[in-house]
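Enquirer: Sharing a sequence plus its predicted fold:
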Amino acid sequence: QQQVKQSPQSLIVQKGGISIINCAYENTAFDYFPWYQQFPGKGPALLIAIRPDVSEKKEGRFTISFNKSAKQFSLHIMDSQPGDSATYFCAASSSNAGGTSYGKLTFGQGTILTVHP
Amino acid sequence: KAGVTQTPRYLIKTRGQQVTLSCSPISGHRSVSWYQQTPGQGLQFLFEYFSETQRNKGNFPGRFSGRQFSNSRSEMNVSTLELGDSALYLCASSLVPGAEAFFGQGTRLTVV
């Protein structure tokens, strides 16, 4: 019940195209859904995050869409650029359980995005 | 503002040895979490510390331990190293548990 399933494993997109990565979760207690971007040799960098009180959040070219009833959320990268080529991870956490805050993140398996020029 | 600092960046150890990794969180952040990243298992939660107390622990054997100091800096220790412990160990800091988490560059541990 703690899993977060991410798809696809890899994605190839042409420059200027839209990249879409999907995640599904089972634990209904999850209430925080961040996306991380990781370049080789670096730690994951927080990209954008959403909480279930909204269905969409946009920051620049990056948009999270959230479907609470389907227990799914996705990352859309508009106007994809070669510099966006990286591994993307979705994650989820139950940040508040029984009045206590926790920061444990459960990660998806990652999507390797390649943007061709 | 300095980010999360992990030291050392790279380590090579022999099976059976022990190792200590260090993490300095972003200034003002009081919560530190540790994760193990491997190609096969992905990113897996190890433990979380806040106010020098372990608040949460992942499904790892007792050989993995950690602690947090009064200045919020944290260390993790792995004893009796096994080949399978080879991984990138990542530290993340946040203001408080459940807030946005920011990762360091990690410590690459290789066990031979």
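Expert: Great, that's in hand.
Enquirer: And the residue nearest in space to the middle of chain B, how far from chain A?
Expert: Central residue of chain B (C-alpha atoms, centre = their mean): B:Trp34, 3.5 Å from the mean position. B:Trp34 is 11 Å from chain A, where distance means C-beta to the nearest C-beta, to the nearest Å. Yep, even glycine has a C-beta here, placed from its N, CA and C like the rest.
Enquirer: Return the residues in contact with the residue of chain A found nearest chain B.
Expert: Ranked by C-beta to the nearest C-beta, the top residue of chain A for proximity to chain B is A:Ser95, at 3.2 Å. Contact analysis of A:Ser95 by C-beta atoms under 8 Å, 6 or more residues apart in numbering or on different chains lists A:31-32, A:101-103, B:97-98.
Enquirer: Give the bridge partners for the residue nearest to the centre of chain B, please.
Expert: When bridges are called by DSSP bridges, B:Trp34 pairs up with B:Phe47, B:Cys91.
Enquirer: Confirm for me that it is in contact with B:Phe47.
Expert: Yes. Counting by C-beta atoms under 8 Å, B:Trp34 touches B:Phe47, with 5.6 Å between them.
Enquirer: quick one: common contacting residues for these two?
Expert: B:66, B:76.
Enquirer: any weak-confidence spans in chain B?
Expert: Scanning chain B for pLDDT under 70 picks out B:1.
Enquirer: near chain A, which residues of it?
Expert: Contact residues, chain B versus chain A (C-beta under 8 Å from any C-beta of the partner chain): B:4, B:6, B:31, B:33, B:35, B:42-45, B:48, B:55-56, B:58, B:90, B:92, B:94, B:96-106.
Enquirer: Put the buried members of those into a ChimeraX selection.
Expert: Buried subset of the residues of chain B next to chain A, written as a ChimeraX selection, criterion 16 or more other C-beta atoms under 10 Å in any protein chain shown:
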select /B:4,6,31,33,35,42,43,44,45,48,55,56,58,90,92,94,97,98,99,101,102,103,104,105,106
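Enquirer: distance between the ends of stretch B:78-88?
Expert: 13 Å (C-alpha to C-alpha, to the nearest Å).
Enquirer: Need the residues that contact that stretch.
Expert: B:13-19, B:21, B:36-38, B:63-65, B:106-112.
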